[in-house]
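K.L.:
sharing a model prediction with you, sequence too.
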Amino acid sequence: QVQLVESGGGSVQAGGSLRLSCAASGPFSDYAMGWFRQAPGKEREFVAAISRSGDSPYYAYSAQGRFTISRDNGKNTMYLQMNSLKPEDTAVYYCGAVRGLDYFSDQFYEYWGQGTQVTVSS
């Protein structure tokens, strides 16, 4: 079993940066990891994912070029560096753990954190 705890959310102005962390307990390196977000009134959407080794990152089109996903298996922690933030990035951000190779759909993720709020003002 894996337990996940997100941190690093907050309020920033457009153009600013935030770094989210997802601390895990359990067999962290057995899982690929992903970040999803959910804005009010919208479905949860894929943001980024990273393979078990950390060698292969994947991004949603909206995140490409602005966000960087990484992980440190020695520290059981995943990160999401978010730069050039826009008001449309406002959402609750969730980290999740997935065993299979389908990183892009939340239905395949086995474990989730509680979420961290990101608010970007214009």
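P.N.:
Nice, I can see it. Numbers count the residues shown, from 1 in each chain.
K.L.:
ok, the residue lying closest to residue 84 once chain neighbours are set aside to residue 90 distance?
P.N.:
In space, and not counting its chain neighbours, residue 84 is closest to residue 66: 4.7 Å by C-beta to C-beta, 6 or more residues apart in numbering. Any C-beta I mention is one placed from the backbone N, CA and C, and that applies to glycine too. Remark: distance between residue 66 and residue 90 (C-beta to C-beta, to the nearest Å) = 14 Å.
K.L.:
do residue 72 as well
P.N.:
27 Å.
K.L.:
before we move on, what about residue 114?
P.N.:
With C-beta to C-beta as the criterion, residue 114 and residue 90 are 18 Å apart.
K.L.:
cool, residue 84 as well?
P.N.:
14 Å.
K.L.:
out of those two, which sits in the more crowded spot?
P.N.:
Neighbours per residue (other C-beta atoms under 10 Å) separate residue 84 from residue 90, with residue 90 holding more: 17 against 12.
K.L.:
in the protein, which residue is closest to the centre?
P.N.:
residue 35 (2.3 Å; C-alpha atoms, centre = their mean).
K.L.:
residues in a beta bridge with that residue, which ones?
P.N.:
residue 48, residue 95 (DSSP bridges).
K.L.:
quick one: residues contacting it.
P.N.:
Going by C-beta atoms under 8 Å, 6 or more residues apart in numbering, residue 35 touches 20, 22, 47, 48, 49, 69, 78, 80, 93, 94, 95, 96.
K.L.:
what do you get if the cut-off is 10 Å, keeping everything else the same?
P.N.:
With contact set as C-beta atoms under 10 Å, 6 or more residues apart in numbering, residue 35 has these partners: 6, 20, 22, 46-50, 59-60, 63, 67, 69, 78-80, 82, 93-96, 113.
K.L.:
strands - which of those residues land there?
P.N.:
Per DSSP state E, strands hold the following members of the contacts of residue 35: 6, 20, 22, 46-50, 59, 67, 69, 78-80, 82, 93-96.
K.L.:
and stretch 5-23, which residues are buried?
P.N.:
Buried residues in stretch 5-23, defined by neighbour count with 16 or more other C-beta atoms under 10 Å: 6, 8, 9, 12, 18, 20, 21, 22, 23.
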